[in-house]
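A.B. asks: Dropping a prediction and its sequence here:
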2 protein chains.
Amino acid sequence: MDDLAATNGTNTANGTNGVDGGAGSPAESRGSRAQPKTDKSEQTRALILETAMRLFQERGYEKTTMRAIATEAGVSVGNAYYYFSAKEFLIQGFYDRMTYEHAADARNRMAHTRDFSERLEIALASWLDTAAPYHEFSAQFFRTAADPNSSLSPFSNESHPARATAVELFREVLQGSELAPKLDAELVDLLPDVLWLYLMIVVLYWVFDRTPDTERTREFVRRSVPMAARVINLSRYRVFRPIVRDAKGLIQDFILPTIGKTAVK
Amino acid sequence: MDDLAATNGTNTANGTNGVDGGAGSPAESRGSRAQPKTDKSEQTRALILETAMRLFQERGYEKTTMRAIATEAGVSVGNAYYYFSAKEFLIQGFYDRMTYEHAADARNRMAHTRDFSERLEIALASWLDTAAPYHEFSAQFFRTAADPNSSLSPFSNESHPARATAVELFREVLQGSELAPKLDAELVDLLPDVLWLYLMIVVLYWVFDRTPDTERTREFVRRSVPMAARVINLSRYRVFRPIVRDAKGLIQDFILPTIGKTAVK
DNA sequence: ATTCGCGCTTGAACGCGTTCAAGCGATGAC
DNA sequence: GTCATCGCTTGAACGCGTTCAAGCGCGAAT
């Protein structure tokens, strides 16, 4: 039912496919067709997506009409809707592509250091760089992403693969640092999700940021990361054990379930 | 009912008068006409807004068409657009009304206690109660609110009056508690805005909450408020002076400017 | 009394996202 | 060869938000 793998596969010949499974949880899957049955089908789908993404970047989301996409791709409007059940699902292409590019770029750039604070800042700055070309119409993107009913919401089930990729990156941010071994194991397990939430906040800030080159957001990251790192570091001291315990409970009971991790463990 | 005209009158700040055709001023001004010139005008405006809000609640936002609003109100579609330049601006009525009702209800309910944690929890719970009738279509509301370009965004200039009201409420939450005198004066000055942001996070959680009566959000408030209170309380100890100083700087430099308070002080 | 100006009002028309009944073409069965 | 099946394709049509040129009505000016 789900097409995330397919969507991912269309861009950048990567290998993250194979997640289709078919065991659909929600009866109503949104977004597009199920399994493609032919090669031609997949080609058409990719053509439409590529065309849409190009036009989005050229003209912006709202000014790009479905008719224009269809015409430019040389297909009919109805055909576009055969593959993407709504215009907004064409955005998923950006979402997936960005997630992938970000993870790759961040891994690359933080490889040289084991300092947690530095690694975290690199991971966030890398996102800003990766997303920069899309800042122009990020507003529209964000708008639909903010809809809890939309599968484009970063919290939705449909976004799970991309979210998992991002969380995994932050796990590496932490695990690759000299801080990780010094921390409570349980905390190390929880932190990646919290750091992902941190990224979501940065994204929120970025979307609203009107300064040139989103310089304000970059500065926000530079200033807030060391503080975050220091707070995390403080958790090592015995005095904070009670408050850390409460914080962990809060995360486990109210944050993780929201982003698709069952509270039961 | 009567507060509607009042709430809309609140924005009669200044220069954005003159018909929208005025100068090519920065972007779109407000969502509606400037100064009403006649009594009848104001009546028609109120009628349309009331009708819209009633239909929104009866059928939901998307299922309520502008034509239906106009018909039900006994005016033409064009007339509705004369007063509200887009459908989304009709939502502002909710926004304003809720802000007002929330502040009143919260003040009332927290009057009996001076315990900071309790007062804060009441303020947040009060919001959940006030907003409960609108949870159904809050998704749509939130969607447009998330658009940085929209004047409906809680961070926008146009939302300043409502935001100021809310921040003022949180100032009272703090000032009316026994905690306030014990805190650094500068912190007392900053905290109301941070608490408002806290409310925004709760709202975010609430929008995505699908549990009956948004019980999960309520539990989230019950659990997180004591922690927040404890963290704030910790700021009193000398050991944390450096980190508190950094936090204050972060707030002043990156949070306040975002919500319309000039960084210059 | 007549005219003028201007707020207010109208509803047809436009553009866009989306739907759907109908058609096409390759593949396989007989 | 004929026919049915089914994945893929079509484009006219629908509903909705929004726009706009045109009109209406009422007080002020003449």
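C.D. replies: Arrived safely. Bear in mind that the values here come from a model prediction, so they are computed numbers and not experimental data.
A.B. asks: What is the burial count for residue A:102?
C.D. replies: The burial count assigned to residue A:102 is 23, neighbours taken as other C-beta atoms under 10 Å in any protein chain shown. For every residue, glycine as well, the C-beta is placed using N, CA and C.
A.B. asks: Can you tell me how far it is from DNA strand D?
C.D. replies: Residue A:102 sits 31 Å away from DNA strand D, going by C-beta to the nearest atom of the strand, to the nearest Å.
A.B. asks: Before we go further, that residue is sitting in a helix, right?
C.D. replies: Yes. Counting by DSSP: H, G, I helix; E, B strand; the rest coil, residue A:102 is found in a helix.
A.B. asks: residues touching it, list them.
C.D. replies: Residue A:102 makes contacts with A:126, A:127, A:130, A:131, A:166, A:169, as judged by C-beta atoms under 8 Å, 6 or more residues apart in numbering or on different chains.
A.B. asks: next one: residue A:44
C.D. replies: A:75, A:79, A:83.
A.B. asks: So for it, what's the pLDDT?
C.D. replies: You'll see residue A:44 listed with a pLDDT of 95.
A.B. asks: Work out for me the element it sits within.
C.D. replies: Element membership for residue A:44 (DSSP states H and E) is helix A:39-59.
A.B. asks: Show the subsequent helix or strand relative to that helix.
C.D. replies: helix A:66-73.
A.B. asks: buried set for the helix holding residue A:44?
C.D. replies: A:42, A:44, A:45, A:46, A:47, A:48, A:49, A:51, A:52, A:53, A:55, A:56 (16 or more other C-beta atoms under 10 Å in any protein chain shown).
A.B. asks: now, which of these sits nearest DNA strand D?
C.D. replies: Among the buried residues of helix A:39-59, residue A:44 lies closest to DNA strand D (C-beta to the nearest atom of the strand), at 3.9 Å.
A.B. asks: Measure how buried residue A:231 is and give me the count.
C.D. replies: Look at residue A:231: counted by other C-beta under 10 Å, it has 14 neighbours.
A.B. asks: ok so, going back, does DNA strand C have contacts with the helix holding residue A:44?
C.D. replies: No. Applying C-beta under 7 Å from any atom of the strand, one finds helix A:39-59 separated from DNA strand C by no less than 8.7 Å.
A.B. asks: Let me know the angle separating that helix from helix A:66-73.
C.D. replies: Here helix A:39-59 runs at an angle of 120 degrees relative to helix A:66-73 (axes from the mean of the first three to the mean of the last three C-alpha atoms, to 10 degrees).
A.B. asks: In PDB, could you pull the C-alpha coordinates for helix A:39-59?
C.D. replies: The C-alpha coordinates for helix A:39-59 follow below in PDB (Å, rounded to 0.1, in the frame of the first residue of the first chain):
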ATOM      1  CA  ASP A  39       8.500  -0.700 -15.800                       C
ATOM      2  CA  LYS A  40       6.700   1.900 -17.800                       C
ATOM      3  CA  SER A  41       4.600   2.700 -14.900                       C
ATOM      4  CA  GLU A  42       7.500   3.400 -12.700                       C
ATOM      5  CA  GLN A  43       9.100   5.500 -15.400                       C
ATOM      6  CA  THR A  44       6.000   7.600 -15.700                       C
ATOM      7  CA  ARG A  45       5.800   8.100 -12.000                       C
ATOM      8  CA  ALA A  46       9.400   9.200 -11.800                       C
ATOM      9  CA  LEU A  47       8.900  11.500 -14.800                       C
ATOM     10  CA  ILE A  48       6.000  13.200 -13.100                       C
ATOM     11  CA  LEU A  49       7.800  13.500  -9.800                       C
ATOM     12  CA  GLU A  50      10.900  14.900 -11.300                       C
ATOM     13  CA  THR A  51       9.000  17.400 -13.400                       C
ATOM     14  CA  ALA A  52       7.000  18.500 -10.400                       C
ATOM     15  CA  MET A  53      10.100  19.000  -8.300                       C
ATOM     16  CA  ARG A  54      11.700  21.000 -11.000                       C
ATOM     17  CA  LEU A  55       8.800  23.300 -11.400                       C
ATOM     18  CA  PHE A  56       8.300  23.700  -7.700                       C
ATOM     19  CA  GLN A  57      11.900  25.000  -7.500                       C
ATOM     20  CA  GLU A  58      11.500  27.200 -10.500                       C
ATOM     21  CA  ARG A  59       8.100  28.800  -9.700                       C
END
